[in-house]
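Trainee: Below is the sequence, then the predicted model.
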Amino acid sequence: MFNIRIKVKPLIASVIAGLFISQSVFAATYTVKPGDTLWGISQKYGTTYTKLMSLNGLQNTIIYPGQVLQVPGSDNTYVVQKGDSLYLIALKYGITVDMLKSANGYKSDIIYPGQVFIIPRDTSSNRTYQDVSRGSIERGVIPYTKEEFDLLARLVTAEADGEPYQAKVAVAAVVINRVKSGIFPNTIKDVIYQVDAYGNYQFTPVLNGWINRPASADAISAARDALSGVDPTNGALYYFDQSSTNAWLWSLPIAARIGNMVFCYGR
């Protein structure tokens with residue numbers, strides 16, 4: 001590592017520092033200068049040296065003059081807003097939570113409004129900082145949109161509010177299993193809003209309007225887990241409350257009983 005020290009007058013140094021700070025919001029790269037260190041560069045851009053290492057794939061802190069580093073800029077950072085979660089930020093940019101946490105050297109699952117996160121490049125799909133909230137993404141076991149994720153979480157809230165967390169995940173998993181089954185519609189939205197040939201809604205909350213209630217935090221987490229592949233039912237296609245007297249539902253092979261809910265396979 002080069003360790004060249006250049007003496008400058010305090011006034012000039014202040015002006016230079018001010019220029020770096022004022023331009024940091026707009027810069028996306030930084031060319032290393034003699035005497036620079038990762039720690040010093042990180043301070044100029046309001047980040048940490050470990051984040052710079054992750055962002056640039058560095059294995060150690062050695063840098064050299066002329067090296068071009070990627071730094072936080074307007075096109076690759078995100079300021080946390082009220083109501084955000086790591087999952088929703090990752091969803092917005094078409095990346096995984098693990099990618100987001102790794103790029104920022106972040107260990108916790110708790111975030112706060114005002115935090116600035118570096119959005120890493122998704123090399124697997126060749127997309128960079130792409131907002132995918134308007135269309136389908138394939139980050140889960142099935143393709144889905146941001147709107148469908150919210151719809152699924154709202155269904156979980158309506159169907160399993162007050163039930164154990166595992167039951168909430170199971171409700172979401174049933175919807176996903178239907179999408180994958182080949183005998184039900186092939187999108188989350190179409191599965192949830194399906195009406196059979198006799199005019200019967202598949203899910204009661206759609207009929208009584210409870211589907212329009214905001215999703216709870218647990219339901220959002222449950223939907224996320226189910227879309228990541230968690231399925232406590234191992235493939236169930238139906239569920240109902242154990243107080244049901246529907247003989248046809250009780251005739252189905254039972255996959256699991258969780259709380260007051262019964263989950264069944266199809267015939």
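Mentor: Looks like it came in fine.
Trainee: element containing residue 257?
Mentor: According to DSSP states H and E, residue 257 maps onto strand 254-258.
Trainee: who does the next helix or strand along the chain from that strand pair up with?
Mentor: Reading on from strand 254-258 to the C-terminus, the next helix or strand found by DSSP H and E is strand 261-264. When pairs are called by DSSP bridges, strand 261-264 turns out to pair with strand 238-241 (antiparallel), strand 254-258 (antiparallel).
Trainee: May I have the predicted confidence score for the residue nearest to residue 150 when sequence neighbours are not counted?
Mentor: For residue 150, ignoring the flanking residues on the chain, the nearest one in space by C-beta to C-beta, 6 or more residues apart in numbering is residue 215 at 6.4 Å. For the C-beta atoms, the positions are set from N, CA and C on the backbone; glycine is no exception. Residue 215 carries a pLDDT value of 92.
Trainee: again with residue 14
Mentor: pLDDT, read off for residue 14, is 33.
Trainee: How about the one 4 residues further on?
Mentor: Residue 18 carries a pLDDT score of 34 in this model.
Trainee: residue boundaries of the helices in the stretch 1-150 of the chain?
Mentor: 10-23, 38-44, 49-56, 86-93, 97-103, 146-160 (DSSP state H, counting those that start in this stretch).
Trainee: average model confidence for the fifth one?
Mentor: Right, the one you point to is helix 97-103. For helix 97-103, mean pLDDT rounds to 78.
Trainee: would you put the C-alpha positions of that helix in CSV?
Mentor: C-alpha atoms of helix 97-103 as CSV (Å, rounded to 0.1, in the frame of the first residue of the first chain):
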residue,chain,number,x,y,z
VAL,A,97,-31.8,-9.8,1.1
ASP,A,98,-28.5,-11.7,1.5
MET,A,99,-27.0,-9.7,-1.4
LEU,A,100,-28.2,-6.4,0.2
LYS,A,101,-26.8,-7.3,3.6
SER,A,102,-23.5,-8.5,2.2
ALA,A,103,-22.9,-5.4,0.1
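Trainee: in that helix, what counts as buried?
Mentor: Of all the residues in helix 97-103, those buried under the rule 16 or more other C-beta atoms under 10 Å are 97, 99-101, 103.
Trainee: can you put those residues in CSV and add distance to residue 154?
Mentor: Compiled in CSV, these are given as follows (distance: C-beta to C-beta, whole Å):
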residue, distance to residue 154
97, 21
99, 27
100, 25
101, 27
103, 31
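Trainee: Among these, find me the one that's closest to residue 170.
Mentor: Set against residue 170, the nearest of the buried residues of helix 97-103 by C-beta to C-beta is residue 97 (21.8 Å).
Trainee: I'd guessed the closest one sits against residue 104; true?
Mentor: No - applying C-beta atoms under 8 Å as the test, residue 97 and residue 104 come out as separate, 11.0 Å apart.
Trainee: Which helix in this protein has the most residues?
Mentor: Ranked by residue count under DSSP state H, the longest helix found in the chain is helix 165-181.
Trainee: list the buried ones in the helix or strand that that helix is followed by?
Mentor: Next in sequence after helix 165-181, counting helices and strands by DSSP H and E, comes helix 188-192. Residues of helix 188-192 classed as buried under the neighbour-count rule (16+ other C-beta under 10 Å) are 188, 191-192.
Trainee: Can you pull out the low-pLDDT segments for the stretch 1-150 of the chain?
Mentor: Residues of the stretch 1-150 of the chain meeting the criterion pLDDT under 70: 1-28, 44-46, 72-76, 121-139.
Trainee: One more pass at 50, please.
Mentor: 1-27, 74-75, 123-138 (pLDDT under 50).
Trainee: what about stretch 154-171, distance to the chain center?
Mentor: 20 Å (C-alpha atoms, centre = their mean, to the nearest Å).
Trainee: Thank you kindly, that will do.
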